[in-house]
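Peer 1: model the structure of this input:
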Amino acid sequence: MAEQSLKDKTAKGLFWGGVSNGVQQLLGMLFGIYLARILNAEDYGLVGMLAIFTGIANTIINSGFTVALTNKQDVTHKDYNAVFWFSCFVGLLLYVVLFFSAPLIARFYNRSELISLSRVLFVGFFFSGIGTVAFTVMFKKLMVKEQAKIDITALVLSGLIGIVFALKGWAYWALVFQSVVYVSVSSVLKCVIAPWRPSLEFDFRPLRDMFSFSVKIFLTNIFQQINNNFFSVLLGRLFNATWVGYYSQGYKWMLMGNTILCGMVNSVAQPVLVQVREERQSYIFRKMVRFAVFLSFPCMIGLAFVAKEFILITIGEKWMPSVSFLQLFCLLGTILPIWLLYTQLLISYGKSNIYLLGNVSQGVIQLLLLYFTSPLGIETMIKAYISTYVVSLFYWHYQAYKLIGISLKDIVFDVFPYAVITALSLGSAWLLTAAIHSVYLLFIGRVLLMGSIYITLLWLANCAILKESLSFLRNKES
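Peer 2: A predicted model of the protein is given here:
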């Protein structure tokens, strides 16, 4: 019964994680299309220049303690309370520090607008700190449905505010207020709905027990944020805000598609792997990998396939330079869910030291490659960046093999059929649409044909993941 209950919770978590991320990305796409048609590349570039500060600040606020709380079997009120007040104080402190550092940031990029822009954008740090523990409580209890409603509500409100500001001619301020409203509304609603309340007891001693684990997660996440946002910093220094905008658009559209799947996986992976750590670990992990590639291969490769038509139809010809960036990042998007599963497996075992070593090693190589390839152009830099993720999969797999005995042959056996069927579907759709000249018909035809051919081939191959997914959806309807 316990196993069945966990299976049901996992299935529901994946379902609601998919619904949440699917609706969010659809709404985000609609808002993003509208804003991109009003705003220009420089507006996005100015906000993109601050992404590294936002990413690092949010990582400092979490400090790895949220992951430690999720991993901990018997969490007390004192544990939650200590992390809550720590996150609040750190969020406030970071805002104060960066408020007074705004002139230095503006001077680094030689853009005076960044002083006021950053001081408003960084307000979100305080609200992010308030909502950290509430999110962890809901995450640990697999309250994916409730999180979905909160995130969608915050997205709708922030998106509407962004559009209103853009229509009034506020340019990049539309993006700034959209971001601040989203973080604020999301954090406040999570605090209201989560089944936990803080108390006015400032006892930080429980943090000491979690420190040895959380500090490694913290350092890893800091390094990841630097790597993920180093492009924006480097482009802002070597090129200009316009190219940062093109890069940001290409990465954003890939991320929106990939977030649906990674959000589904991330909403259940760590809590489930923690609960089944000593039973059927290899079976469950392999099944998660199959489910991940079942969706990521056709979605990401398919998006790269129709990237040109997608950009033209949605945000217009002025954004065409972002097409090649989008296609390259889609290749990264195909493997990110697998990469995520490997790292979640290590975290569920408390192997934060291995997690830290792997990420730091990969990060150092990425930074060196970006530095040495920068004279060769942005596309070469992106290719070098993606290659490190491909190579790092072998490191993560070796660590997984030591933990649960899963062989590389097993993973290849699980992944290969989906890769072949995706390639066959893409090739067939390309041949059948080669004579179409209308950009709208070409886009619709390629999407429908590739999707239908992919599903048909999986059905003929008696794919268990497909049939289980369809069966679960039928049960949800009934």
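
Peer 1: how about residues contacting the helix or strand where Leu369 lies?
Peer 2: For Leu369, the host element (DSSP states H and E) is helix 352-373. Helix 352-373 is contacted by residues 64, 213-214, 216-217, 219-220, 223-224, 226-227, 230-231, 234, 343, 346-347, 380-381, 384-385, 387-389, 392, 395-396, 399 when judged by C-beta atoms under 8 Å, 6 or more residues apart in numbering. Backbone N, C-alpha and C define where each C-beta goes, glycine included.

Peer 1: restricted to helices, list those residues.
Peer 2: 213-214, 216-217, 219-220, 223-224, 226-227, 230-231, 234, 343, 346-347, 380-381, 384-385, 387-389, 392, 395-396, 399 (DSSP state H).

Peer 1: buried ones from the residues you listed, can you make that a PyMOL selection?
Peer 2: Of those, the buried ones go into a single PyMOL selection, burial set by 16 or more other C-beta atoms under 10 Å:
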select buried, resi 213+214+216+217+219+220+223+224+226+227+230+231+234+343+346+347+381+384+385+388+389+392+396+399
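
Peer 1: on that earlier part again, in the helix holding Leu369, which residues are buried?
Peer 2: For helix 352-373, burial by neighbour count (16+ other C-beta under 10 Å) applies to 352, 354-356, 358-360, 362-363, 365-367, 369-370, 373.

Peer 1: distance from the chain centre to it, please.
Peer 2: 19 Å (C-alpha atoms, centre = their mean, to the nearest Å).

Peer 1: with just CA atoms, put it into PDB.
Peer 2: This file holds the C-alpha atoms of helix 352-373, laid out as PDB (Å, rounded to 0.1, in the frame of the first residue of the first chain):
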ATOM      1  CA  SER A 352      26.700  17.000  -1.700                       C
ATOM      2  CA  ASN A 353      30.500  16.800  -1.900                       C
ATOM      3  CA  ILE A 354      30.400  14.800  -5.200                       C
ATOM      4  CA  TYR A 355      27.700  17.200  -6.400                       C
ATOM      5  CA  LEU A 356      29.900  20.200  -5.600                       C
ATOM      6  CA  LEU A 357      33.000  18.600  -7.200                       C
ATOM      7  CA  GLY A 358      31.300  17.800 -10.400                       C
ATOM      8  CA  ASN A 359      29.700  21.200 -10.800                       C
ATOM      9  CA  VAL A 360      32.800  23.100  -9.900                       C
ATOM     10  CA  SER A 361      34.900  21.100 -12.300                       C
ATOM     11  CA  GLN A 362      32.400  21.600 -15.100                       C
ATOM     12  CA  GLY A 363      32.100  25.300 -14.300                       C
ATOM     13  CA  VAL A 364      35.800  25.900 -14.300                       C
ATOM     14  CA  ILE A 365      36.100  24.300 -17.700                       C
ATOM     15  CA  GLN A 366      33.100  26.300 -19.000                       C
ATOM     16  CA  LEU A 367      34.500  29.600 -17.900                       C
ATOM     17  CA  LEU A 368      37.900  28.800 -19.500                       C
ATOM     18  CA  LEU A 369      36.200  27.700 -22.700                       C
ATOM     19  CA  LEU A 370      34.100  30.800 -22.800                       C
ATOM     20  CA  TYR A 371      37.100  33.100 -22.300                       C
ATOM     21  CA  PHE A 372      39.200  31.400 -25.000                       C
ATOM     22  CA  THR A 373      36.400  31.100 -27.500                       C
END
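
Peer 1: now the helices: where do they sit in the stretch 201-350 of the chain?
Peer 2: For the stretch 201-350 of the chain, the helices defined by DSSP state H, counting those that start in this stretch occupy 206-238, 241-275, 281-305, 307-314, 323-348.

Peer 1: count of neighbours near the nearest residue to Leu238 once chain neighbours are set aside?
Peer 2: Distances taken as C-beta to C-beta, 6 or more residues apart in numbering place Ser374 nearest to Leu238, at 6.1 Å, with adjacent residues excluded. With neighbours defined by other C-beta atoms under 10 Å, the count for Ser374 comes to 17.

Peer 1: list the contacts of Ser374.
Peer 2: Going by C-beta under 8 Å, 6+ apart, Ser374 touches 234, 238, 381.

Peer 1: pLDDT added to those residues, as JSON lines?
Peer 2: Shown next, in JSON lines, are the contacts of Ser374 (pLDDT from 0 to 100):
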{"residue": "Leu234", "pLDDT": "72"}
{"residue": "Leu238", "pLDDT": "73"}
{"residue": "Met381", "pLDDT": "86"}
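
Peer 1: and which of these is nearest Glu42?
Peer 2: Leu238 (16.0 Å; C-beta to C-beta).

Peer 1: separation between that closest one and Leu370?
Peer 2: Computed with C-beta to C-beta, to the nearest Å, the distance linking Leu238 and Leu370 is 11 Å.

Peer 1: doesn't Phe100 make contact with Ser118?
Peer 2: No. The criterion here is C-beta atoms under 8 Å, and Ser118 misses it with Phe100 at 10.9 Å.
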